[in-house]
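In: Need a 3D model of the sequence below.
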Amino acid sequence: MLTTILEVAGLLTVIIVPLAGPGKKKKKGNTLTIDTDVTHAHYAINEEGELVHIQGRELSRYEL
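Out: Reported below is the predicted structural model:
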């Protein structure tokens, strides 16, 4: 009787484990990269928080 129960449990284990598949993989968090390349910038935020149109080397007035 005990051997029958062990055989059935072993058979069920052999069937169920492959069907379960691999565990869920953790998703890698997205890393935030800040683009500080301003060579082609046409707009900037001034001290009052307003969006202003800039030209050429005017960007040096605005902090990054």
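In: just checking, what packs against the helix or strand of the chain with the lowest mean pLDDT?
Out: For the chain, the helix or strand with the lowest mean confidence is strand 43-45, at a mean of 80 (criterion: mean pLDDT, DSSP states H and E). Using 3 or more Cβ pairs under 8 Å, 6 or more residues apart in numbering; DSSP states H and E, the elements in contact with strand 43-45 are strand 51-53. Quick note: C-beta positions are derived from backbone N, CA and C, even for glycine.
In: Pull up the pairing partners for the strand it packs on, direction included.
Out: On the basis of DSSP bridges, the sheet neighbours of strand 51-53 come out as strand 43-45 (antiparallel).
In: Just the buried positions in the strand it pairs with, please.
Out: Judged by neighbour count using 16 or more other Cβ atoms under 10 Å, the buried positions of strand 43-45 are residue 44.
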